[in-house]
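1. Pasting a predicted model and its sequence here:
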Amino acid sequence: MRSMGIEPRSKPACGAGTRVERKPTLGAPCLSRLARRTTRRKFDLYDDRSLTKGLKMTEELAAKFSRVRHAVNQIRGRVDTGGVTVEADGSGRLTALSLTPEALAYGPQVLADLLLRAHQHATEDAAGRANDAMAELYDDPVVSRLAAMTDSELTADRRQVGNAPTISQPQPSQYSPPPPNSQPQLTYAPPATRQYAVPSMPAAEASAEYDAAAATVPQDSAQWAAYRIAQSRAARARAEAEALRNQSDEWDAEDTRNRKYW
């Protein structure tokens, strides 16, 4: 067989040559079309242009949300009136508070009212500027759709539950704080800096009263700060009264000793 030029396990061809089995070959264009069809068949979900566009829009919206949220977190409302400076964010959290000696001369109730009003105005200022910072998100169709859905859900909840309960506001005090940009007119006369008479209410009882009042309000509120300031003033008054009492006792003792020699 080999001498005749025929390989084993192969059939002789018609003629002197041998038959060689060959596989069909594909050209480059055919392979390219086949590869595209196979890839499209396996990964058509990820090759969808609309899905890719949606993912890109989602990433851009997430980046915009992050940028706006960072800008909103940095916004602070600041109010300076009557010697009181209050700084708060849009959610009402007190971030800074400073008082001048002029404000410390007010009575506790006057100071508390002044702090509460300044805190409210600072919160409203910060909330308004936060809404302005978020205005660029309102034009986005996704945000508009979510806002419309949220409004519809809240409206349905209101229809089911009814009118929302109103939070009772504290009654305004009879002492009104001075108007801004004007000389404050005190309606409550503070005690003199130096007095030889002991105050009508003992300082210890006043301090206990301020502790009980401060326990009923949040620690980050302006009213809590006012109670603590009043408590420190009561403690200082107690120390001054004690020092004056001791000095008066020393004077009485000295007068008694002097009478012995008269």
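-> Great, that's in hand.

2. pLDDT of the helix or strand that contains residue 239, averaged?
-> Per DSSP states H and E: residue 239 is located in helix 222-260. Helix 222-260 shows a mean pLDDT of 69 in the predicted model.

3. go on, stretch 59-71?
-> Average pLDDT, stretch 59-71: 79.

4. Pull out the buried positions in that stretch.
-> For stretch 59-71, the neighbour count (16 or more other CB atoms under 10 Å) marks residue 68 as buried. Where you see a C-beta, it was placed from the backbone N, CA and C, and this is true even at glycine.

5. low-confidence ranges in the chain?
-> 1-48, 138-235, 255, 257-262 (pLDDT under 70).

6. mind giving me the domain split of it?
-> Structural domains assigned to the chain are 49-150, 197-262, following automatic domain parsing.

7. Make sure residue 98 is indeed in a strand.
-> Yes - counting by DSSP: H, G, I helix; E, B strand; the rest coil, residue 98 falls inside a strand.

8. Name the residues linked to the residue nearest to it when sequence neighbours are not counted by a beta bridge.
-> Excluding the flanking residues, the one nearest residue 98 by CB to CB, 6 or more residues apart in numbering is residue 85, at 4.5 Å. Taking DSSP bridges as the rule, residue 85 bridges to residue 80, residue 98.

9. OK, contacts around residue 85?
-> The neighbours of residue 85, taking CB atoms under 8 Å, 6 or more residues apart in numbering as the test, are 78, 79, 96, 97, 98, 99, 118.

10. before we move on, what SS does the closest residue to the third one other than its chain neighbours have?
-> In this case it means residue 96. Leaving aside its sequence neighbours, residue 96 sits nearest to residue 87 (CB to CB, 6+ apart; 3.7 Å). Under three-state DSSP, residue 87 falls in the strand class.

11. cool, the one 5 residues further on as well?
-> Classification of residue 92 by three-state DSSP places it in coil.

12. related to what we said a few turns ago, may I ask which two of the contacts of residue 85 are separated the most?
-> Pairwise distances across the contacts of residue 85 peak at 14.6 Å for 78 and 99 (criterion: CB to CB).

13. What is the neighbour count of residue 76?
-> Using other CB atoms under 10 Å, the number of residues around residue 76 comes to 16.

14. Spatially nearest residue to it (excluding sequence neighbours)?
-> Distance criterion CB to CB, 6+ apart; nearest residue to residue 76, sequence neighbours excluded, is residue 87 at 5.3 Å.

15. Who are the contact partners of that neighbour?
-> Shown in contact with residue 87 (CB under 8 Å, 6+ apart): 76, 77, 78, 79, 94, 95, 96, 97, 122.

16. swap the cut-off to 10 Å and go again
-> Counting by CB atoms under 10 Å, 6 or more residues apart in numbering, residue 87 makes contact with 76-80, 93-98, 118-119, 122, 125-126.

17. Distance of residue 101 relative to residue 251?
-> Residue 101 sits 31 Å away from residue 251, going by CB to CB, to the nearest Å.

18. Brilliant, that's me finished.
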